[in-house]
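K.L.:
Below: sequence and its predicted model.
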Amino acid sequence: MVRRCAWSVVAVAAWWALSFASAQDVANELAVQWQEAFNAGDAAGVAALYTADGVLHLASGEVARGPDAVQAWAQAQIDAGLTIEIVSEASEVLADEIVYGSGTWAFLDGEGQQVLAGKWAAVDMMDGDAWKVHRHFASVPYQLE
């Protein structure tokens, strides 16, 4: 009986550690999926990464609320011939089903030249049985004149 309890404790501890490590990788994985979908020309795939009430705060100051608005915005960028490079720099578990990630992004034109770049931050959460982007912020460097 004691051995069975000990193994149960070990199994729970191992599951918790694995879940925690996996949660820390969520921001990275969502960033990779976002970049892959965008660069494949799949605006619907980008939008599918957001919760139903997900919000994308754009570097322009505009806000895309909900997957349909995110899809429309992504499609416009794809139609303009842009691709994106996303780098994840940091992630942190905020709660059991909430993680934060941040990094850099750059839009590239059809010749691979950088046309706009900045920083991103996102709050991701479990939505049913999948991790999704809940709040996504993009910014560009601000220069004083």
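P.N.:
Arrived safely, thanks for sending. Numbering: from 1, shown residues only.
K.L.:
Show me where this structure has its helices.
P.N.:
Using DSSP state H, the helices assigned to the chain run over residues 2-39, 43-47, 66-79.
K.L.:
Out of those, point me to the one whose mean pLDDT is lowest.
P.N.:
With a mean of 65, helix 2-39 has the lowest mean pLDDT of the helices of the chain.
K.L.:
Let me know how buried the spatially closest residue to Leu58 that is not a sequence neighbour is, in neighbour terms.
P.N.:
Closest residue to Leu58 apart from its sequence neighbours, by Cβ to Cβ, 6 or more residues apart in numbering: Ala138 at 5.7 Å. Using the backbone N, CA and C atoms, a C-beta is placed for each residue, glycine as well. For Ala138, the count of nearby residues is 16 (other Cβ atoms under 10 Å).
K.L.:
for Ala138, what are its contacts?
P.N.:
56-59, 105, 118-120 (Cβ atoms under 8 Å, 6 or more residues apart in numbering).
K.L.:
what do you get for Ala117?
P.N.:
Taking Cβ under 8 Å, 6+ apart as the test, what Ala117 contacts is 104-107, 140-141.
K.L.:
One more: Trp120?
P.N.:
Trp120 neighbours (Cβ under 8 Å, 6+ apart): 31, 86, 102-105, 136-139.
K.L.:
what's the spacing between it and His136?
P.N.:
According to Cβ to Cβ, to the nearest Å, Trp120 stands 7 Å off from His136.
K.L.:
can you check Glu92 too?
P.N.:
16 Å.
K.L.:
So if I had to pick from the two, which one is more boxed in?
P.N.:
Applying other Cβ under 10 Å to Glu92 and His136 shows that His136 carries more neighbours, namely 22 against 12.
K.L.:
partners of the more buried one in the sheet?
P.N.:
Under DSSP bridges, the beta-bridge partners of His136 are Leu56, Ala122.
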